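J.: Coordinates only, no sequence provided:
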């Protein structure tokens, strides 16, 4: 038989040309290899809560999974029990009234919602406003779907808030969506009613749909706030929320989107053609998680307060400067001027101390002089990370 030497040629879709593998996807492979070689890397990188949800939530999942009737396909709109508890949760903690049948859509994690919203509202060639620094997925998904990304600056001198004067000077005629994220990741800047009012006014003035990504409002934050609490927001705003951070359920992949009935119906058109409903026992357990009282959030935050105290010592040891009023699951800090670029510090710490810290450039050019520390690491590991870094005897002169 003649050997076929023909080379099969195939190329990825053009949409991948400007897209890199997600930073944490590739970097954590390197960390995993280091651990396989016995280096015992302490990860202060990703924001994956390491504590479980309440026992009652886990027990509900187990009990409902034993029910033989709970293993079929579930409604695309989510089960009524979960939608109703999301509605009650928003009313109790944000003082926002939402119709559980028409203004709430459960999601397989709020990250999924970024895709669905972009598909529902943005045509190829239209523009989206993305914060710099900001969550990388706002940029990567927009590019994949053919939208033009226009970055707007967040700056430490302005407390990481948008510069509305600069925004108004831009050509906004092709902008469909503006992504915001308060409490902010990565900077820890908190939401305020005044900020949300300005954002809503800006959206109305420019016929822009404003999407606030809101997973951090219960972490080290005394006053959770929703943009939907602002008068006029219902007409032009969408809010994403998640149980990953607030209820220690990152691997469960349970989030939601809240908006007016018309917006939700458009998002559902996309979702119903892309995925299916979540496992019913998970939805029932999530509904139970949403019923927790303030004691649960306080217990969670007490843990994070102790961890943050250790994390600030790490930043001090590295000679970094940071805002003590940050909220959320991370600490954001500016590196000393002696480093030409942030990876000089983060790569040195990774390979010399075996501690993984996130370089701020992954969030945009305005993060190039910053690092981000996750609080999703127990106190023993944080103490060990601090000791390892102290043993490096880093010069702390800025």
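T.: Sure thing, it's come through. The shown structure was predicted, so the numbers you read here are calculated from the model rather than taken from an experiment.
J.: Return the residues in contact with residue 186.
T.: Counting by C-beta atoms under 8 Å, 6 or more residues apart in numbering, residue 186 touches 133, 330, 332, 358, 360, 363, 367, 370, 372. No exception for glycine: its C-beta is placed from N, CA and C like everyone else's.
J.: Of those, which qualify as buried by neighbour count?
T.: With neighbours counted by 16 or more other C-beta atoms under 10 Å, these contain buried members at 133, 330, 332, 358, 360, 363, 367, 370, 372.
J.: Name the SS class of the last one, please.
T.: In terms of secondary structure, residue 372 is strand; the call rests on DSSP: H, G, I helix; E, B strand; the rest coil.
J.: shouldn't it be in contact with residue 360?
T.: Yes. If you go by C-beta atoms under 8 Å, residue 372 and residue 360 touch, sitting 6.0 Å apart.
J.: so what sits against both of the two?
T.: With C-beta under 8 Å, 6+ apart, residue 372 and residue 360 have common neighbours 186, 332.
J.: Break the protein down into its structural domains.
T.: Domain ranges of the chain: 14-52+295-390, 70-289, per automatic domain parsing.
J.: How far does the last one stretch from one end to the other?
T.: This means domain 70-289. 19 Å (C-alpha to C-alpha, to the nearest Å).
J.: of all the domains of the chain, which gets the most neighbours per residue?
T.: When you average the neighbours per residue for each of the domains of the chain (mean count of other C-beta atoms under 10 Å), domain 70-289 leads with a mean of 19.
J.: now that one: how far from the chain's centre is it?
T.: Between the mean C-alpha location of domain 70-289 and the chain-wide mean there is a distance of 10 Å, by C-alpha atoms, centre = their mean, to the nearest Å.
J.: so who does the residue nearest to residue 370 when sequence neighbours are not counted touch?
T.: Spatial nearest neighbour of residue 370, excluding adjacent residues (C-beta to C-beta, 6 or more residues apart in numbering): residue 360 at 3.3 Å. Residues near residue 360 by C-beta under 8 Å, 6+ apart: 133, 186, 332, 342, 367-372.
J.: Any regions of this protein where pLDDT drops low?
T.: Across the chain, the stretches falling below the confidence threshold (pLDDT under 70) are 1-6, 395-398.
J.: And the helices in it?
T.: Counting by DSSP state H, the segments of the chain that form helices are 23-36, 55-65, 80-94, 110-121, 136-144, 164-168, 193-206, 233-236, 243-246, 261-274, 280-289, 294-318, 342-348, 379-390.
J.: Using CSV, please lay out the ones you listed together with distance to residue 129.
T.: Compiled in CSV, the helices of the chain are given as follows (distance: least, C-beta to C-beta, whole Å):
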stretch, distance to residue 129
helix 23-36, 22
helix 55-65, 37
helix 80-94, 24
helix 110-121, 12
helix 136-144, 9
helix 164-168, 8
helix 193-206, 10
helix 233-236, 13
helix 243-246, 24
helix 261-274, 18
helix 280-289, 31
helix 294-318, 31
helix 342-348, 25
helix 379-390, 36
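J.: Go through those and name the closest to residue 14.
T.: Comparing these against residue 14 with C-beta to C-beta, the closest turns out to be helix 136-144 (10.3 Å).
J.: helices and strands around the closest one, which ones?
T.: The helices and strands touching helix 136-144, judged by 3 or more C-beta pairs under 8 Å, 6 or more residues apart in numbering; DSSP states H and E, are helix 110-121, strand 127-132, strand 148-153.
J.: From the contact counts, what lies against the longest one?
T.: Put plainly, it is helix 110-121. In this structure, helix 110-121 packs against helix 136-144, strand 175-180, strand 209-213, strand 237-242, strand 255-258, helix 261-274, with contacts taken as 3+ C-beta pairs under 8 Å, 6+ apart.
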